[in-house]
Structure formats: C-alpha cells, structure tokens
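Colleague: 3D model of this:
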Amino acid sequence: GATLGTDPNSSDYMLVKFTPASTGSYSFRVRVYGQDGNSVVRAWSMAVNTTWCVFVSPTGNDTTGDGSKALPWATVTKAITTVQGSGGKAVILEDGTYTDVQGGLNTNALLAWNQRGANIDCTTSSSTNNVVFYMNYKHTLIQGIVFKNPPITSESPRWFSTDTLCDSTYQDNCRFEINGREGTGNTDNVSCFFLGQAGSNRKYLAQTRCEFDGFKSVGNGWSSIDTYGTTWFVVEDNSFTNQTVGNTSAGVIWIKGAASINGDVRRNTFDSTFTGYVIDIYIAAIADNASGNIDVSYNLFKGGGGI
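Modeller: Okay, here's the model as predicted:
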C-alpha cells in the first residue's frame, strides 16, 4: 500500500520542492500510488510573501540599503549578521561576485536569485577560521550559488560546517570550485559540507545537483560531504571534475551513519582516476546492530576508484 508522511523520522517521509512565481496563496495536492494500485492523498495550502527574505546585490549599499529588493545591501556579511541571528530570514543573492566573506558566518538560508548567477569568492579572504559558513540552525538550505577558492590560511578549510543540532540540511544546485587549493597544516575533514560529531543525530540531509571541480587530496583530502550521525540522507545527481586524488584514504563522499540509517547515493559522476575509495559509508563503529536501507546505484566512475 501507499503511505505519505510528514515526519522526517518516518520511512514514508517525502520532500516537495516549490518555487513560487509570485506572491499570493497556493494550494497543493499530492497523490502517491503503491505497487498494489492503491493511493493516498495529502493536501495543504500556504501563503507566499516577501517578508521571509532579504536581498544582496553588488550594486547595493550597506549604509543606505534596507535589504529589500528595491534597496538591497551590498555584502553577504551585512545581510547574514543583520537578519539571520534573530529573525532567521533567507538571504537572496542577486547576480554578481561577492568577496567580502571572511569566514565564520552562521547561515540558515542562502539562495541565488538566478541559479548559478551569484558567486562567493574567498581568494582574498584573510580568515584564520577554518569554516566559511556555519549551519547551526534546525533547518538549513543552500541553493544555486557558485563558491570559489576557499580560504587557505587555515587548517582543514570547510565551506559549510555544523557541530550542533540540525534536523534537516540541504545543498542543492551549487558549484564548488576548489581550484587545487589546500589548507595549511592539518587537513583532516576538509569538506564542502561537514557535519561534526557533536550534537544530536541529523534526521535528514541532502546534497543534490551540485558540481565539484578541482579537488586536491592532502591528508584525508577534500570531500563533497562528510557527516556523522545521520538518519536519512540523499546524495544524488552530483558531478565531480578535474580531481587530483592520490591518497588511498581520500573518500570523496563520506557518510558516517547512526545506528539506524537510510539513504541513497545515486547517479553521481566522477571523471578522474582515484587510487583509493570514492564513496565511504561507515556504520560498524557506531553500532553492531546497525540497520536500515542504503541504495548505492547508477554512479559513474570514468577513471576508477571504489566504494
């Protein structure tokens, strides 16, 4: 039979993504069919307005702007430090390149106005903080942004990281251009999406439709995702190009699951030659009675490597 749940802890949990064309009220109706032909319907409605977000533009102004579409701010730092620490509003980046980010910003929603139109470049970042963005919120969404040249003045650089509770974290349709850069000193857990060991288990995470270019393995090497204590995960439809991976312990996708773990690693494409493993799903050290369902399928390894 068919079931459709709204609880991330439930096996019938589903995610519906919707991008409104304009403000107003919207109604939704989803029907799911089971293999036996029976179906279940869930319906709901929602109102969309502009109060949930603020805008940033290279032509904006941090002094005279107010974060509206008409008077955007000029820097990512201004927007995040102004609204996300309290109100939790999303930050929307209009087309252009932003170089003001120095690291350590805590974000819960960072979106591009036009997909892949906004670039965050940390080439000139002087940050000694190894994390560019923290995701220490219950729900986090990063979508449609190009991230270039992570800081190299720190150990173990990470684009996104959290060590606290986060029920759901999503990265979708982003591009990460590492360009062979590597951190100084210790290079453990170098990642575009790092969820550390502290805090409660993550209920749901997804990294989908992202591109990763120019990874270079040092120590444990760059990974697209490196996570502990995950209950549900999806890593799908990502592509990896121009990788330099020569370390046999360098996993590109690392999943360190909870005692009960369910997830998919599917339709990812790797164009480079790997001497070690590419996908590492690690459960044994967490619980001898680990259970769940993990689907690793339809991944394309053009140059070699393993699971």
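Colleague: OK, contacts around L111?
Modeller: C53, A90, V91, I92, L93, L141, I142, Q143, G144, I145 (C-beta atoms under 8 Å, 6 or more residues apart in numbering). For every residue, glycine as well, the C-beta is placed using N, CA and C.
Colleague: what residues are up against the second one?
Modeller: Yep, that's A90 we're talking about. W52, C53, V54, N108, A109, L110, L111, L141.
Colleague: how about low-confidence regions in the stretch 51-200 of the chain?
Modeller: By pLDDT under 70, the low-scoring segments of the stretch 51-200 of the chain are 84-88, 126-129, 153-155, 163-165, 182-189, 196-200.
Colleague: strands of that one, residue ranges please.
Modeller: All strands of the stretch 51-200 of the chain, identified by DSSP state E, counting those that start in this stretch, fall at 53-56, 90-93, 96-98, 105-106, 109-112, 118-121, 131-134, 139-143, 145-148, 158-162, 168-172, 175-177, 190-191, 194-195.
Colleague: just those: most buried one?
Modeller: strand 190-191 (a mean of 26; mean count of other C-beta atoms under 10 Å).
Colleague: now do that strand: distance to the chain's middle.
Modeller: 12 Å (C-alpha atoms, centre = their mean, to the nearest Å).
Colleague: ok, stretch 51-68 next?
Modeller: 24 Å.
Colleague: try stretch 135-151
Modeller: Relative to the chain's own centre, stretch 135-151 is displaced by 6 Å; criterion: C-alpha atoms, centre = their mean.
Colleague: that one: end-to-end distance?
Modeller: 18 Å (C-alpha to C-alpha, to the nearest Å).
Colleague: again with stretch 190-204
Modeller: For stretch 190-204, the end-to-end distance is 21 Å (C-alpha to C-alpha).
Colleague: next one: stretch 18-37
Modeller: 27 Å.
Colleague: over to stretch 281-300?
Modeller: Taking C-alpha to C-alpha as the criterion, the two ends of stretch 281-300 lie 17 Å apart.
Colleague: I'd like the average pLDDT over it.
Modeller: Mean per-residue pLDDT for stretch 281-300: 71.
Colleague: quick one: contacts for L110?
Modeller: Contacts of L110 (C-beta under 8 Å, 6+ apart): V76, I80, A90, V91, L93, F133, L141, I142, Q143, I145.
Colleague: the fourth one and S57 touch, don't they?
Modeller: Going back to what we said before, that points to V91. No: V91 lies out of contact with S57 (C-beta atoms under 8 Å); the separation is 11.5 Å.
Colleague: check the contacts of L110 against W232 and report the nearest one.
Modeller: L141 (16.0 Å; C-beta to C-beta).
Colleague: hey, what's the closest one bridged with?
Modeller: With DSSP bridges as the criterion, L141 is bridged to A109, Y170.
Colleague: likewise A90?
Modeller: Going by DSSP bridges, A90 forms beta bridges with C53.
Colleague: renumber starting at 55 from here on
Modeller: Taking 55 as the first residue, the last one we looked at is A144.
Colleague: please report how far it lies from C246.
Modeller: Using C-beta to C-beta, to the nearest Å, we find A144 at a distance of 20 Å from C246.
Colleague: just Y352 next, same as before
Modeller: 22 Å.
Colleague: flag the shaky bits of the stretch 255-361 of the chain, pLDDT-wise.
Modeller: Along the stretch 255-361 of the chain, the parts satisfying pLDDT under 70 run over 255-256, 270-276, 298-305, 311-314, 327-331, 336-345, 358-360.
Colleague: returning to what we had before: in CSV: the contacts of L165, plus distance to R320.
Modeller: Listed next are the contacts of L165 as CSV, based on distance: C-beta to C-beta, whole Å:
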residue, distance to R320
C107, 31
A144, 28
V145, 30
I146, 30
L147, 29
L195, 21
I196, 21
Q197, 20
G198, 21
I199, 23
